[in-house]
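Q: Pasting a predicted model and its sequence here:
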Amino acid sequence: GDFKSLANEADASLAKHKALELEIERPLKAFVS
């Protein structure tokens with residue numbers, strides 16, 4: 001059970017990171033073009 005919750009946390013933080021990247025990338029691309 002411990003390993004599963006650990007994997008879930010990793011997935012969640014990865015998803016957060018990707019969402020953050022998208023939030024930063026979108027305005028940057030709009031600014032550049």
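A: All right, it came through fine.
Q: and residue 22, what helix or strand is that in?
A: In the assignment (DSSP states H and E), residue 22 maps to helix 2-32.
Q: which strands and helices sit next to that helix?
A: Applying 3 or more Cβ pairs under 8 Å, 6 or more residues apart in numbering; DSSP states H and E, we find helix 2-32 packed against no helix or strand. Yep, even glycine has a C-beta here, placed from its N, CA and C like the rest.
Q: Distance from the chain centre to that helix, please.
A: 0 Å (Cα atoms, centre = their mean, to the nearest Å).
Q: How many residues are close by residue 27?
A: If you count neighbours by other Cβ atoms under 10 Å, residue 27 ends up with 9.
Q: If I look at it, what pLDDT would I see?
A: Predicted confidence (pLDDT) for residue 27: 90.
Q: likewise residue 1?
A: 75.
Q: That one and residue 15: what is the separation?
A: Using Cβ to Cβ, to the nearest Å, residue 1 is found at 21 Å from residue 15.
Q: Compare the two (neighbour count), which wins?
A: Set residue 1 next to residue 15 and count neighbours by other Cβ under 10 Å: residue 15 wins out with 10 against 5.
Q: Local confidence estimate at the more buried one?
A: pLDDT, residue 15: 96.
Q: Please apply the same query to residue 31.
A: At residue 31, the pLDDT value in this model is 89.
Q: what number of residues lie near it?
A: Neighbour tally, residue 31, other Cβ under 10 Å: 7.
Q: ok, it to residue 24 distance?
A: In terms of Cβ to Cβ, residue 31 sits 11 Å off from residue 24.
Q: what's the answer for residue 7, then?
A: With Cβ to Cβ as the criterion, residue 7 and residue 24 are 26 Å apart.
Q: Please apply the same query to residue 17.
A: When residue 17 is compared with residue 24 (using Cβ to Cβ), they lie 11 Å apart.
Q: How about residue 2?
A: In this view, residue 2 and residue 24 are 33 Å apart by Cβ to Cβ.
Q: of the two, who's got more company?
A: Set residue 2 next to residue 24 and count neighbours by other Cβ under 10 Å: residue 24 wins out with 10 against 6.
Q: That's all I had, so thanks and see you.
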